[in-house]
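Provided below for reference: sequence and predicted model.
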Amino acid sequence: MNLKKMDLKSLKSKPTVMWSLVAILIFAGICTLFYAFSGGNGDAAATADSDINIIYTNAAATVNAQQMTLQAAVTATPNLTLLTPSATFAPLITTTGQPLSLITPTRPAPTSGCDMSIYVSDVTVPDGTAMTAGQTFTKTWKVSNTGACTWTATYKLVFVAGEGMGGASTPIGKEVKPGESVDISVNLTAPAKSGELKGTWRLSNDKSAAFGDLLWVVIKIGTVPTPTKTPGVSKLSK
């Protein structure tokens with residue numbers, strides 16, 4: 001905008017300079033004719049010529065100064081280059097969601113220890129069998145060898161907790177290979193107590209380490225009769 005305004009001013013000032021130059025030339029011409037027709041001597045003519053030269057010089061200097069001023073004014077105004085900002089937008093990254101793969105849970109393979117056993121069934125004396133105090137009986141369980149080792153004949157059934165009922169640790173008496181089942185028994189005696197009584201047993205290896213499922217015997221004993229006292233013979237007082 002400033003450059004355009006400066007150009008308009010320079011165009012307007014050029015005619016003024018030209019007219020000033022024309023006026024100076026006309027004035028110089030008039031002075032020349034005046035001195036030519038005045039009939040002066042040679043010195044006067046020389047003086048006139050000198051004055052005319054001075055006038056021409058001053059006129060040229062004036063015109064040159066005006067042009068230099070105009071040129072300096074035009075040069076002082078730099079050309080402005082308007083930069084048009086261009087915004088560059090990065091393309092949006094579109095992510096394509098991948099379907100999650102279905103995870104199928106896998107059950108870990110069961111670990112098999114050396115000595116393991118599970119209870120299979122009660123062979124004799126089911127739970128809750130009625131007994132009388134002092135009654136003897138044999139409790140038998142069926143168990144299966146689910147471990148990786150063969151049970152030797154020295155493996156035995158041992159008491160763990162509850163009512164022992166007079167039972168003792170009893171060897172199984174035979175080898176039992178992995179995957180095989182065996183009946184194991186213990187001889188017991190119902191105690192002189194009433195109510196429901198429970199005793200817990202378990203297998204033990206040849207290192208006396210118990211293993212496998214717990215095995216229990218549960219019996220019910222009725223009211224224990226109270227013994228009657230026989231009255232003694234009273235002594236007669238003398």
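Cool, got the structure. Residues are numbered from 1 along each chain as shown.

Run through the neighbouring helices and strands of the helix or strand that Val186 is a member of.
Taking DSSP states H and E as the criterion, Val186 maps to strand 181-189. In this structure, strand 181-189 packs against strand 136-145, strand 156-162, strand 170-171, strand 195-204, with contacts taken as 3 or more C-beta pairs under 8 Å, 6 or more residues apart in numbering; DSSP states H and E. To be clear about C-beta, it is placed using only N, CA and C from the backbone, and glycine gets the same treatment.

do you know which of the ones you listed lies nearest Cys114?
Closest of the helices and strands packed on strand 181-189 to Cys114 is strand 136-145, at 10.6 Å (criterion: C-beta to C-beta).

between that closest one and strand 195-204, how big is the angle?
Relative orientation of strand 136-145 versus strand 195-204 (axes from the mean of the first three to the mean of the last three C-alpha atoms, to 10 degrees): 40 degrees.

List the buried residues in stretch 114-129.
115-117, 122, 125 (16 or more other C-beta atoms under 10 Å).

mind listing what Thr136 touches?
Contact analysis of Thr136 by C-beta atoms under 8 Å, 6 or more residues apart in numbering lists 187-190.

6 Å - rerun?
Residues near Thr136 by C-beta atoms under 6 Å, 6 or more residues apart in numbering: Thr189.

What of Thr189?
Neighbours of Thr189 in contact, by C-beta under 6 Å, 6+ apart: 136, 165-166.

8 Å instead?
134-137, 165-166.

what about it, distance to Lys139?
11 Å (C-beta to C-beta, to the nearest Å).

The longest strand along the chain: which residues count as buried?
If you go by DSSP state E, the chain has its longest strand at strand 210-221. Buried residues in strand 210-221, counting neighbours by 16+ other C-beta under 10 Å, are found at 211-213, 215-219, 221.

How about stretch 176-191?
Of the residues in stretch 176-191, 176, 182, 184-186, 188, 190-191 count as buried by neighbour count, 16+ other C-beta under 10 Å.

Nearest to Asn205, out of those residues: which one, please.
Nearest to Asn205 among the buried residues of stretch 176-191, with distances taken as C-beta to C-beta, is Val176, at 11.5 Å.
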